[in-house]
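A.B. asks: Here is a sequence with its predicted model. Questions after.
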Amino acid sequence: MSMDMSRYLGLFLSEASEHLEGLGRDLVQLEREGAPSVVDSMFRHAHSVKGMASSMGFESIAVLAHRVEDLVDAIRQDPSRLERTLVDLLLSATDVMMAQVRCVADNRPPEDASALLGQLAERVSRLTGQAPTATRVLPRLTSEEPAPSPAPPRESVASSATTQLTTSVAKAVKAQGESKPSPRWTVRLRIASTCQTPGVRAFLMHKRLVGLGTLHDLRPGLDDLKAGRIPEGSIQLELETAETEEGIRKSLRNVAEVELVSLTPVVAPVTPAPAAAVQAEASRAVSTGSDGARTVRVRTELLDHFLDTVGELLLATARLRELGKVLPEGSRPPIEEGVYRLHTLVKELHDKVMSARMTPLSLITDRLPRAARDIARRKEREVDLVITGAEIELDRAILDDLADPLLHLLRNCIDHGLEPPDERVAAGKPARGRVVVSVRRARDRVVLEMEDDGRGMNAAKLKAAAVARGVLAPEAAARMTDREAFMLACLPGVSTAKDISEISGRGVGMDAVKRVVENVGGTLEIESELGRGSRFILRLPLTVAVVQLLLVAVGEEVFGLPIAKVVGAMEADGELLERTRQMPLLPHGQGLLPVYALDELVGVEAPPRKGVRPFVVMEGDTGRVALAVDRLVGQEEAVLKPLSRPLDLLPGLSGVTILGSGRPVFILDVPRLLSA
């Protein structure tokens, strides 16, 4: 019987990456807090990676994980063995394993890790007084090679959730290598009537059985078990497992106040699942969460396709609504009712697809503690990183774009924001710096703030740097408020850093942060106070799929302006505006704003407009600007569509949408349009 293990590759890459990220995160937490419970979590992560890599035949990853497991076990036995150089070594091993996982994903041979393996083995021998044990690795299986007999089951310290891949591979090998599935057992249990916590005992029993195999026909259900709703303390289920009867009894023997009433084999044969079903189950990674809800892994490309399709349905529904308006008056009501019902269903479907794409911010914030440790070590500083609100969810597409900007902000906070320990002590501050990342929901947006208690930003120096580089006129700098001056740090090449390092300080990066935030429909604000620190505020939409637009017209063309960037709109006589260097200035608030004609910016022919006309006030890179337009068309909730070649090469265009009339409308990126 042949066996192609490549079908499990996607599951391996996903699970191994998650475990390695968790291992690195736990190492940083252990070094900072010394929590004993973290050591158990680290051991489970290392053990799971070792088991998965062994099952897949990736020897280098398996051996590295085994050595890490040995060292973590040594720390668990004697916490005093933990010191900084050991943490550095374990983090290096984690990084190398992650790099080797990426090599597997790219179908490249892994880099040589023999030197690191030697260091790990030497440290294991020094801490334990014994030579490291050998690592069992299954041979790499392909479609041409015969599948070996499954290895006998071994006791595992990892839970069923963290050994999901190993279990899936073992079950698949057994299903294809044998003509019949694992046997089933009818299990009857009873919880003692004197038990004070029946729910806890029942759930502990459930976890033991899940570790042995697959549960069927559980009575009462899992929710009732955890709540302690167990009539007469009686529990019944069917267990499908390759474990022997003695193994099952042994697993349940040590659960206090739980009695095994009977254990009998199920005689009736069970129809074996076809190989395709096994493959589909492994590739989708169906699992049961701690709350009993079943979950399934879905490729993000598939969710993107669903979202595109639902977006087309929304556009088609809007088109039907427009067409219904030209029908005779008497025939409109049934058509409008049907279109309204269709729109409601499609909108509900769109919301469900969007909820499936929503991902906790912890996906990217969990990487920050490790980055903070590395940057602080390099700069010989101490820093406390506090993260709150990471459970709040955002569209996965936004999270993917935010990972690098958040990392850059963290580098800036530690490298430029926080002072050296001696300077902090001289200023009356604690020697350890502090960076706080907080996330909160604000109606239909998510607000992410990163704040440090460092030296703060100097508005006057930023203005001087911008004027020196020729990106800001001296008169404009004089009119700027400090809040506006802080945003000058987002202009390319404008920096007040004293030194340039490999971490940051070249005057690049903040412009990329601002551009990414605005590309996903968000805004970036900077607040700072000399000697007290700086705060970076990111206001983000929940999703990039649907955007709120202000539609404006110039000549015969209609364009969309993101509402998030619009400050307001007003009317004025363009011929009566003040001018400086041939630039019209529009009075707004307590100052004057430069005026740009939108028809000239986008190259659209429009007849000269005299008299009163609308002006849209928007946020720009160097402050607010006013756009002169011919008329305001209205506000629209639009489905954003990406631009294809060659339109994506044009500066100032961020996307396109289609109105209900079927008319395509370009969405403008005003800051890039002004700088083009």
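C.D. replies: Now that the structure is in, tell me what you want to look at.
A.B. asks: can you tell me how far the spatially most central residue of the chain sits from Ala512?
C.D. replies: The residue lying closest to the centre of the chain (CA atoms, centre = their mean) is Leu363, at 3.6 Å. Applying CB to CB, to the nearest Å, the value for Leu363 to Ala512 is 20 Å. All C-beta spots, glycine's among them, are computed from the backbone N, C-alpha and C.
A.B. asks: would you say Glu527 is within a strand?
C.D. replies: Yes - counting by DSSP: H, G, I helix; E, B strand; the rest coil, one finds Glu527 located in a strand.
A.B. asks: Contact partners for it?
C.D. replies: For Glu527, the contact set (CB atoms under 8 Å, 6 or more residues apart in numbering) comprises 483, 486, 534-535, 537.
A.B. asks: Look at the residue lying closest to Gly22 once chain neighbours are set aside and give its secondary structure.
C.D. replies: Nearest residue to Gly22, sequence neighbours excluded (CB to CB, 6 or more residues apart in numbering): His45, at 4.9 Å. Secondary structure, three-state DSSP: His45 is helix.
A.B. asks: thinking again about what came up before, inside strands: which ones of the contacts of Glu527?
C.D. replies: Applying DSSP state E to those, the entries found in strands are 534-535, 537.
A.B. asks: domain ranges for this protein?
C.D. replies: Here the domain assignment for the chain is 5-128, 182-271, 300-357, 361-541, 546-675, based on automatic domain parsing.
A.B. asks: possible to save the ones you listed as a markdown table with distance to Ala134 and mean pLDDT?
C.D. replies: Listed next are the domains of the chain as a markdown table, based on distance: least, CB to CB, whole Å; pLDDT from 0 to 100:
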| stretch | distance to Ala134 | mean pLDDT |
| --- | --- | --- |
| domain 5-128 | 9 | 84 |
| domain 182-271 | 25 | 80 |
| domain 300-357 | 39 | 81 |
| domain 361-541 | 30 | 84 |
| domain 546-675 | 52 | 81 |
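A.B. asks: possible to save the ones you listed as a markdown table with distance to Arg136?
C.D. replies: As requested, the domains of the chain are exported to a markdown table (distance: least, CB to CB, whole Å):
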| stretch | distance to Arg136 |
| --- | --- |
| domain 5-128 | 6 |
| domain 182-271 | 18 |
| domain 300-357 | 34 |
| domain 361-541 | 30 |
| domain 546-675 | 48 |
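A.B. asks: secondary structure class for the residue of the chain most remote from its centre?
C.D. replies: Within the chain, the residue lying farthest from the chain centre (CA atoms, centre = their mean) is Gly330, at 51.7 Å. The three-state label for Gly330, taken from three-state DSSP, comes out as helix.
A.B. asks: Roughly how far does it sit from Leu320?
C.D. replies: Look at Gly330 and Leu320: by CB to CB, they are 18 Å apart.
A.B. asks: what's the answer for Leu653, then?
C.D. replies: 28 Å.
A.B. asks: Can you report how many residues neighbour Ala553?
C.D. replies: Neighbourhood size, Ala553 [other CB atoms under 10 Å]: 18.
A.B. asks: typed the wrong thing, it's Arg319
C.D. replies: 16.
A.B. asks: Then it would be within a helix, right?
C.D. replies: Yes - assigned with three-state DSSP, Arg319 falls within a helix.
A.B. asks: Excluding chain neighbours, what is closest to Ala131?
C.D. replies: Spatial nearest neighbour of Ala131, excluding adjacent residues (CB to CB, 6+ apart): Ser125 at 5.8 Å.
A.B. asks: Could you report the distance from that neighbour to Leu91?
C.D. replies: 20 Å.
A.B. asks: For the two, work out which one has more neighbours and name it.
C.D. replies: Neighbours per residue (other CB under 10 Å) separate Ser125 from Leu91, with Leu91 holding more: 18 against 13.
A.B. asks: The more buried one: what's its closest spatial neighbour, skipping adjacent residues?
C.D. replies: The spatially closest residue to Leu91, leaving aside those adjacent along the chain, is Leu27, at 5.8 Å (CB to CB, 6+ apart).
A.B. asks: tell me the contacts of the one you found?
C.D. replies: Shown in contact with Leu27 (CB under 8 Å, 6+ apart): 42, 87, 90-91, 94, 370.
A.B. asks: for it, helix, strand, or coil?
C.D. replies: Once three-state DSSP is applied, Leu27 turns out helix.
A.B. asks: swap in the one 3 residues further on?
C.D. replies: Here Leu30 takes the helix state, with states given by three-state DSSP.
A.B. asks: 865 is where my numbering starts, stick with that
C.D. replies: Renumbered: residue one is now 865, and that last one reads Leu894.
A.B. asks: That one: how many residues sit nearby?
C.D. replies: By other CB under 10 Å, the residues close to Leu894 number 22.
A.B. asks: hang on, the earlier thing: ramachandran angles for the residue nearest to the centre of the chain?
C.D. replies: phi -60, psi -40 (degrees, to the nearest 10).
A.B. asks: Next one: the closest residue to it other than its chain neighbours from Asn1276, what distance?
C.D. replies: Distances taken as CB to CB, 6+ apart place Leu1263 nearest to Leu1227, at 5.6 Å, with adjacent residues excluded. Taking CB to CB as the measure, Leu1263 falls 20 Å from Asn1276.
A.B. asks: more crowded one of those two?
C.D. replies: Between Leu1263 and Asn1276, Asn1276 has the larger neighbour count (other CB under 10 Å), namely 25 against 22.
A.B. asks: The more buried one contacts Met1374, correct?
C.D. replies: Yes - between Asn1276 and Met1374 there is a contact at 7.3 Å, judged by CB atoms under 8 Å.
A.B. asks: Next up, the contacts around the closest residue to Leu1402 other than its chain neighbours.
C.D. replies: Among residues not flanking Leu1402 along the chain, Leu1312 sits closest, at 4.4 Å (CB to CB, 6+ apart). Taking CB under 8 Å, 6+ apart, we find Leu1312 in contact with 1225, 1270, 1301-1303, 1401-1402, 1404.
A.B. asks: Go again with 7 Å.
C.D. replies: 1303, 1402, 1404 (CB atoms under 7 Å, 6 or more residues apart in numbering).
A.B. asks: can you map out the helices along the stretch 1015-1164 of the chain?
C.D. replies: Using DSSP state H, counting those that start in this stretch, the helices of the stretch 1015-1164 of the chain run over 1028-1041, 1062-1074, 1086-1091, 1109-1117, 1139-1148, 1164-1188.
A.B. asks: And the last one, what does it pack against?
C.D. replies: For helix 1164-1188, the elements it packs on are helix 1196-1221, strand 1495-1503, judged by 3 or more CB pairs under 7 Å, 6 or more residues apart in numbering; DSSP states H and E.
A.B. asks: Make TSV out of the ones you listed and add distance to Glu1255 and mean neighbour count.
C.D. replies: Converted to TSV, the helices and strands packed on helix 1164-1188 look like this (distance: least, CB to CB, whole Å; neighbours: other CB atoms under 10 Å):
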stretch	distance to Glu1255	mean neighbour count
helix 1196-1221	15	14
strand 1495-1503	28	16
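A.B. asks: Format the ones you listed as a markdown table; extra columns: distance to Thr1387.
C.D. replies: As requested, the helices and strands packed on helix 1164-1188 are exported to a markdown table (distance: least, CB to CB, whole Å):
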| stretch | distance to Thr1387 |
| --- | --- |
| helix 1196-1221 | 21 |
| strand 1495-1503 | 18 |
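A.B. asks: of all these, which lies closest to Gly982?
C.D. replies: helix 1196-1221 (44.6 Å; CB to CB).
A.B. asks: Looking only at whichever helix or strand comes after the closest one, what residues are buried by neighbour count?
C.D. replies: The helix or strand immediately downstream of helix 1196-1221 is strand 1222-1224, counting by DSSP states H and E. Neighbour counts over strand 1222-1224 (16 or more other CB atoms under 10 Å) mark 1223-1224 as buried.
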